[in-house]
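> My questions are about this predicted structure, shown below with the sequence.
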Protein chains: 2
Amino acid sequence: MSPARTPTGVAPTRGRRSGRSTGDDRELAILATAERLLRQRPFGDISIDDLARGAGISRPTFYFYFPSKGAVLLTLLDRVTDEANAAAGDVLVRLAEDPRARWRELIARFHATFGGHRDVVLACAQVRGTNAEVRRLWAEVLERWVRAVEAAIEGERARGAAPDGLPARDLAIALNSMNERVWYATFAGDGPAVAERDVVDVLLDVWLTAIYRTTTPPSL
Amino acid sequence: MSPARTPTGVAPTRGRRSGRSTGDDRELAILATAERLLRQRPFGDISIDDLARGAGISRPTFYFYFPSKGAVLLTLLDRVTDEANAAAGDVLVRLAEDPRARWRELIARFHATFGGHRDVVLACAQVRGTNAEVRRLWAEVLERWVRAVEAAIEGERARGAAPDGLPARDLAIALNSMNERVWYATFAGDGPAVAERDVVDVLLDVWLTAIYRTTTPPSL
DNA sequence: GACACCAGTCAACACCCTGTCGAGTCCAAT
DNA sequence: ATTGGACTCGACAGGGTGTTGACTGGTGTC
């Protein structure tokens, strides 16, 4: 099990079993069907038969392309996290230019990426409890972001812009965790949630005060 | 459906169908079995048959006591949230005495309560995605805590101890969300997590800086 | 052109779990 | 003794998952 993903790269072969062939479009059709159905109902209410019929194949044939329903979601999640990583880019290495603007950019870009694929993100959050593969992939992705933020905080402390305080890693974990949960509530719309148009500024404010003890950190 | 809980009180009759009788111990046995099995494996891997056999009854008889597996977890969750509410007590109305100490007390008491029932809390977090009842109850409970924190923040601003800033409700949502997610990671132990002995102080630090812009708010 | 091979396909099956129905048992109150 | 409600469970229906074994059609080989 668990096809040995390289931590940094894309899954070598989570979907199809072997080389190129005409079945590529079927695989894509399954993925597209999943995204479409996710817009209509929760992941748990979508059966493998729904996915197969939506892609114009029978249920056993589905198993030729994916080992399980969860693997489809995993592939979708891969795409989203890749996009988020690309969107984040090198924002954090240019922090000193204008810390407030750069942190805001980081949060806003993540917000835009997740918001653009909210059905997939929501579905992943919902099955994370029951699907070990999704849980593992998400943990891996989160770890990467935590490390990046941790390094950025240490950089800001080193150049004297941010005061010492909590271990940078603990702070990075807490802030990333907050974002995840707050976005989930905002996108899901159940329970207490921050309005979507305010959420970036709310998160930014907590990040800045936690890191700098002020909402207007010094530029250099 | 959804037996019309009073928002503040205990469920009138989520379990048994009617009045007192010898079946009380059976109901308790089901609950006890659920807690025991939850210590061994995730909620999704526990079948109704497991619960029934553990309580010494047959599967159909289970349905005499609870309408579904989820209802058992809901009853367990009710107990935990009641305990958490009791533990929190009136800490927030005595904030001005010593803000840092009182906030820490609040967070530490929640931590102790959740930590003491981590299996139940973890199970709830995991099925929240798929179980609408659990989702609704949790949203209800969270809303209550958010309101309490919101009022406390406004109180601190009114007495001049905390500066103006984000809308108090948004800040309360963000901080409560952070706690939830951070505790989850700490108790679950998968993915980036704060060490259990540090988690109260890490959370406290973020709360204080977000609310007061300092980790040492004024007493009065 | 006969052959082997392999990607791709699906009907049928075995299995597990949920929820319900109907027929029972036991006991307390009439 | 009878009635009615609490309580119990065997048996069934329904729906989901994952696997098996047989079939098809294209492609390269001798």
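That came through, no problem.
> Show me the helices in chain A, by range?
Ranges of helices within chain A are A:24-38, A:48-54, A:59-65, A:69-88, A:99-116, A:118-127, A:132-158, A:168-188, A:199-212, based on DSSP state H.
> which other helices and strands contact the third one?
Applying 3 or more CB pairs under 8 Å, 6 or more residues apart in numbering or on different chains; DSSP states H and E, one finds that helix A:59-65 contacts helix A:24-38, helix A:48-54. For every residue, glycine as well, the C-beta is placed using N, CA and C.
> go on, the second one?
Taking 3+ CB pairs under 8 Å, 6+ apart as the contact definition, the neighbouring helices and strands of helix A:48-54 are helix A:24-38, helix A:59-65, helix A:69-88.
> could you dump these to TSV with distance to B:G89 and mean neighbour count?
Shown next, in TSV, are the helices and strands packed on helix A:48-54 (distance: least, CB to CB, whole Å; neighbours: other CB atoms under 10 Å in any protein chain shown):
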stretch	distance to B:G89	mean neighbour count
helix A:24-38	43	17
helix A:59-65	54	15
helix A:69-88	41	18
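> Any idea which of those gets closest to DNA strand D?
Taking CB to the nearest atom of the strand, helix A:59-65 is the member of the helices and strands packed on helix A:48-54 nearest to DNA strand D, at 3.8 Å.
> need the helices and strands packed on helix A:48-54 in a markdown table with distance to B:R41 and mean pLDDT, can you?
Below are the helices and strands packed on helix A:48-54 laid out as a markdown table (distance: least, CB to CB, whole Å; pLDDT from 0 to 100):
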| stretch | distance to B:R41 | mean pLDDT |
| --- | --- | --- |
| helix A:24-38 | 28 | 93 |
| helix A:59-65 | 26 | 95 |
| helix A:69-88 | 18 | 95 |
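> Looking at these, which is nearest to DNA strand C?
Closest among the helices and strands packed on helix A:48-54, using CB to the nearest atom of the strand: helix A:59-65, at 3.3 Å.
> how far is the closest one from where the chain is centred?
Distance of helix A:59-65 from its chain centroid, counting by CA atoms, centre = their mean, to the nearest Å, is 27 Å.
> is DNA strand C contacted by it?
Yes - judged by CB under 7 Å from any atom of the strand, helix A:59-65 comes into contact with DNA strand C through A:R59, A:P60, A:T61, A:F64.
> Just list the residues touching the residue nearest the centre of chain A, thanks.
The centre of chain A sits closest to A:T81, judged by CA atoms, centre = their mean, with a distance of 4.7 Å. Applying CB atoms under 8 Å, 6 or more residues apart in numbering or on different chains to A:T81 gives the contacts A:L137, A:V141.
> And it, how far from A:R94?
As defined by CB to CB, to the nearest Å, A:T81 lies at a distance of 22 Å from A:R94.
> With A:D190 instead?
Going from A:D190 to A:R94 by CB to CB gives 37 Å.
> Likewise for A:R39?
Going from A:R39 to A:R94 by CB to CB gives 36 Å.
> try A:R79
A:R79 sits 26 Å away from A:R94, going by CB to CB.
> Run a quick neighbour tally on A:L166.
Number of residues near A:L166 (other CB atoms under 10 Å in any protein chain shown) recorded here: 22.
> Repeat that for A:N131.
22.
> contacting residues around the residue nearest to it when sequence neighbours are not counted?
The shortest distance from A:N131 to any non-neighbouring residue, by CB to CB, 6 or more residues apart in numbering or on different chains, is to A:G70 (4.6 Å). Counting by CB under 8 Å, 6+ apart, A:G70 touches A:V127, A:N131, A:E133, A:V134.
> Return the residues in contact with the closest residue to A:E196 other than its chain neighbours.
Once flanking residues are discounted, A:E196 sits nearest to A:T186: 5.5 Å by CB to CB, 6+ apart. A:T186 is in contact with A:A193, A:V194, A:A195, A:E196, A:V199, counting by CB under 8 Å, 6+ apart.
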